[in-house]
Every structure is written in structure tokens, then in C-alpha cells.
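*Asks:* Predicted model, plus sequence, below.
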Amino acid sequence: MARILVIEDEPSIRRVLVKILSEENDSYIVEEAEDGQKGLEAIKKDDFDLVLCDIKMPKLDGVEVLETVRKIKPEIPFIMISGHGDLDTAVNTMRLGAFDYISKPPDLNRLLTTVRNALDRKELVVENKILKKKVSKNYEMIGDSKEIHMVKDIIEKVAPTDARVLITGSNGTGKELVAHWIHEKSERSSYPMIEVNCAAIPSELIESELFGHVKGAFTSAVKDRAGKFEAAQNGTIFLDEIGDMSLSAQAKVLRALQENKISRVGSDKDIKVDVRVVAATNKDLKKEISEGRFREDLYHRLAVILIKVPSLNERREDIPLLINYFAKKIAEEHGSSAKIFSKKAVSLLQGYDWTGNIRELRNVVERLIILGGSEVTEENVKMFASK
Ligand SMILES: Nc1ncnc2c1ncn2[C@@H]1O[C@H](COP(=O)(O)OP(=O)(O)OP(=O)(O)O)[C@@H](O)[C@H]1O
């Protein structure tokens, strides 16, 4: 299905274009606008795969429409329609990002070929964007230590089962990464993995976030809304920082785990959910239980399998590998060649106490690459990385 918008003020030409395109291919949905202003409004409101746009029009001309859309929806290809007097302008619009132009009266074959090419390219651009997004989130798990191999082994064993998993470990040790792999290596991987950071959501909103709500359930509930459990249907929900969840939300999560049912806030209708729960925390939940902040029954439901992710300080031999890996990644991101870290620089970094946190290690590597010289030396580390 391809949605095409024809913006043209001359009714006869507009009609011809709409007719030709609609008859050419059943999967073309063709809409029309009679001037630049209306065209722009339609593009803002809806998603189009292609726009055919006249150049000379009242109110807003084609060049202005093109320039505005390039800023808000740059992926939409434009084919400009030029009359006798504006061929030069048409050629110039290609510099502004138009895909192509056709002259009036439109030549049927040329029009249809250009439309097909433009739609093909649009698909490619969108695919590339999705691909880039996937690649940019990095899920490689670097490390050759006994400790990280143990974690990988457990993931392999546990992922294909439906067992709930509680992942523990201090900040930035890779808990989210572990959760990601559990989902990816499970049969649920073609369904969504929905992540909820329980610490980032105010306690009065967490229930609605997880379970959704019905219109009128509270002041700002202006319409029915599904929650994350429903969004994760057939997939995995990752409850990050579960140790920060309010007791009343914990009670509801417990019910969801016991009965595989949830109800939206403000409704007593049950909704069946088939969702695997993976949770993570950097808190000592046993301590939280003894102090009355975490439900023991929920703990036992969640911690069917426990994975403790070791801090980098417990597997310092992985630090040089990580430095190397981050140096390459960062160079790629900056479009430069990877900087060499001298042996002394690496061993100094390896010895620091704060390097338990992988995120922090990455930040320091980035800082050293930006601020250090062509080679990262012991002196650079002392200057830019010590805490
Ligand atoms: N073994 C690893 N190899 C490469 N990168 C890793 C590894 N472990 C973690 N990272 C990276 O380190 C960063 C922190 O990891 P992650 O977010 O999984 O940690 P976390 O324990 O969930 O953190 P927090 O406690 O702050 O939520 C991420 O960018 C992640 O990709």
C-alpha cells in the first residue's frame, strides 16, 4: 500500500493525475489537495509515501511546501510538477531535495516510472533507518572471564524456558543487556520486549503505566489506554529497578503473575495476558523485604531463576577487552580511526575502583578519546580519568 498526495491547483491536471495513478495500481491510495496550504496540512496530519507537487500555486507555492516538509518529514519523496515558465525552478528543487520533476502536460510513462522509483527509494530509506536504529542500540556482550561465561551459560539455559528471571547487580553492570538476551533467545523474540523503568515513573502513575486505565479513572485519564502488560502480549516485560516499585503496584503485579490476568485502572474487567516477566534491581531485595518495602511473595514469584551480574571489579580481566571495544565503537560514531590505548593507560584504568560500572567506563574512554592525544597514555588517564 502506498499513499500518494497530489497537490495541484489546476483541477483538470489534478484529476488526470489522480485518475492515472489510481488506475495504475490497486495498492496506490491517491489523495488530492487544491493548493500548497491544504497540501501541507494534509502532510502534517497524515503519513504519505509520496507527494506530487505543483510549483506555481496560490497561497503557498511548491518550493515552500517542499522546504517545509524537508524539515518535518524528510523521508517523503517529492516529485515536482512544472509548467512552461518554471522549468528552471523545477531543476533547482532537486537541489532542495526533490526526488524528480515532471513537466505539464504529464507524459504517462515518465510519470509512472518516476512514481515507482520514488516509492522504491522511500522504502529503502525507511528500511535503512530501522536498521540503523537496531544497530545503534548495542547488545554485544563483551568479556572472556569465567564470570561472564557463567552468565552467558545461564542465559542459554533459561532463555528458551518460560521461567521468570530476577537479575541483580550494581549500577551499569549489564542487567538490561542480560534481559535483552533472555528475550532474544526465547521463543517470544518475534513479539515485543517492553521495558519499564519502575524507578523513573512516579508511584501514583505506575499502576496506570503497567496496567492501563479507562477513561475517567482519574483526572487526566481522558480516554481508555492500554498498559505495558498488554503491550507486551506474547512477549516479555522487563521490569527494571523493581525494588523501587510501590507496594500497591507490587500487589497488582503479584496478581498478574499468579492469575495471568490484569485489569485496567478504573475497570473491573479482567484481561488475560501471556507475558514473561523478567525483572532487575540493584537493591538488596532481602533487605527490602525485612524492612517492609518489598513483598516476600512477589520476590519468590519473580526470582524463579536468579542471575547475579558481576561488577567489572569482579572481572577486571575483561576491562582491556571493553576498552578496546568501546574505543572502536566511539571511533565509528565519530567517524575517526580508533585511538590506541597504551598498555600503561589500560592497566591504570583496570586498577581504578570505579570501573565496576560499564557505562562509566565507556564515558571515560570517550572522554579520553576526545581530550587525549593521538595515543592515550598513562598521563592522559591520570589527567582526564581519575576520580
Ligand atoms: N558485557 C558487556 N559488553 C559490552 N557492553 C556492555 C556489557 N555489559 C554492559 N554493557 C553496556 O554498558 C551499558 C550499561 O549496561 P546496562 O544498561 O545493561 O546496565 P544495567 O545494569 O541495566 O544498568 P542500570 O543499573 O543503570 O540500569 C550499556 O550501554 C551496555 O550496552
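*Replies:* Nice, thanks for sending it over.
*Asks:* Report the contact partners of residue 353.
*Replies:* residue 313 (Cβ atoms under 8 Å, 6 or more residues apart in numbering). Heads up, the C-betas are built off the backbone N, CA and C, glycines and all.
*Asks:* now the closest residue to residue 315 other than its chain neighbours: how far from residue 324?
*Replies:* Nearest-residue entry for residue 315: residue 145, 3.8 Å, with adjacent residues in sequence omitted and distances by Cβ to Cβ, 6 or more residues apart in numbering. Between residue 145 and residue 324 the computed distance is 15 Å (Cβ to Cβ, to the nearest Å).
*Asks:* Mind telling me which residue of the stretch 51-200 of the chain is nearest the ligand?
*Replies:* Proximity to the ligand, evaluated over the stretch 51-200 of the chain using Cβ to the nearest ligand atom, is greatest for residue 174 at 2.8 Å.
*Asks:* now do the stretch 201-350 of the chain
*Replies:* residue 282 (5.1 Å).
*Asks:* Count the neighbours of that residue for me.
*Replies:* Residues within reach of residue 282, counting by other Cβ atoms under 10 Å, total 18.
*Asks:* Same check on residue 377?
*Replies:* Per other Cβ under 10 Å, the neighbour tally for residue 377 reads 18.
*Asks:* correct me, but it touches residue 342?
*Replies:* Yes - between residue 377 and residue 342 a contact is recorded at 5.1 Å, counting by Cβ atoms under 8 Å.
*Asks:* hey, where'd the strands end up in the stretch 101-250 of the chain?
*Replies:* Secondary structure of the stretch 101-250 of the chain by DSSP state E, counting those that start in this stretch: the strands cover 165-168, 193-197, 236-240.
*Asks:* if we can go back for a sec, for the residue nearest to residue 315, which residues are in contact?
*Replies:* 310, 315, 317-318.
*Asks:* Report the contact partners of residue 311.
*Replies:* Counted by Cβ under 8 Å, 6+ apart, residue 311 has contacts 169-170, 173, 356-357.
*Asks:* isn't residue 257 right next to residue 302, touching?
*Replies:* Yes - if you go by Cβ under 8 Å, residue 257 and residue 302 touch, sitting 7.5 Å apart.
*Asks:* Who has more neighbours out of those two?
*Replies:* residue 302 (26 against 15).
*Asks:* who's in contact with that one?
*Replies:* 164, 166, 242, 257, 277, 279.
*Asks:* Phi, psi for it please.
*Replies:* Here is the backbone geometry of residue 302 (degrees, to the nearest 10): phi -80, psi -40.
*Asks:* what does the stretch 251-387 of the chain put close to the ligand?
*Replies:* Taking Cβ under 6 Å from any ligand atom as the contact definition, the stretch 251-387 of the chain meets the ligand at 282, 358-359.
*Asks:* Which of those residues fall within strands?
*Replies:* Using DSSP state E to define strands, no part of these is located there.
*Asks:* residues contacting residue 40?
*Replies:* For residue 40, the contacting residues are 60, 65, 68-69, by Cβ under 8 Å, 6+ apart.
*Asks:* Send over the one helix or strand it maps to as PDB, restricted to the C-alpha atoms.
*Replies:* Residue 40 belongs to helix 36-45 when assigned by DSSP states H and E. Provided in PDB are the C-alpha atoms of helix 36-45 (Å, rounded to 0.1, in the frame of the first residue of the first chain):
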ATOM      1  CA  GLY A  36       0.000  24.400  -1.100                       C
ATOM      2  CA  GLN A  37      -1.500  25.300   2.200                       C
ATOM      3  CA  LYS A  38      -4.000  22.400   2.200                       C
ATOM      4  CA  GLY A  39      -1.300  20.100   0.900                       C
ATOM      5  CA  LEU A  40       1.000  21.000   3.800                       C
ATOM      6  CA  GLU A  41      -1.800  20.500   6.300                       C
ATOM      7  CA  ALA A  42      -2.600  17.000   4.900                       C
ATOM      8  CA  ILE A  43       1.100  16.100   5.100                       C
ATOM      9  CA  LYS A  44       1.400  17.200   8.700                       C
ATOM     10  CA  LYS A  45      -1.700  15.300   9.700                       C
END
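*Asks:* Please, which helix or strand holds residue 51?
*Replies:* Using DSSP H and E, residue 51 maps to strand 50-54.
*Asks:* in stretch 228-237, what counts as buried?
*Replies:* Using 16 or more other Cβ atoms under 10 Å as the test for burial, stretch 228-237 gives 228-230, 232-233, 235-237.
*Asks:* brain fart, stretch 236-248
*Replies:* By 16+ other Cβ under 10 Å, the buried positions in stretch 236-248 come out as 236-246.
*Asks:* from these, which are also near the ligand?
*Replies:* Answer for the buried residues of stretch 236-248 near the ligand (Cβ under 6 Å from any ligand atom): residue 240.
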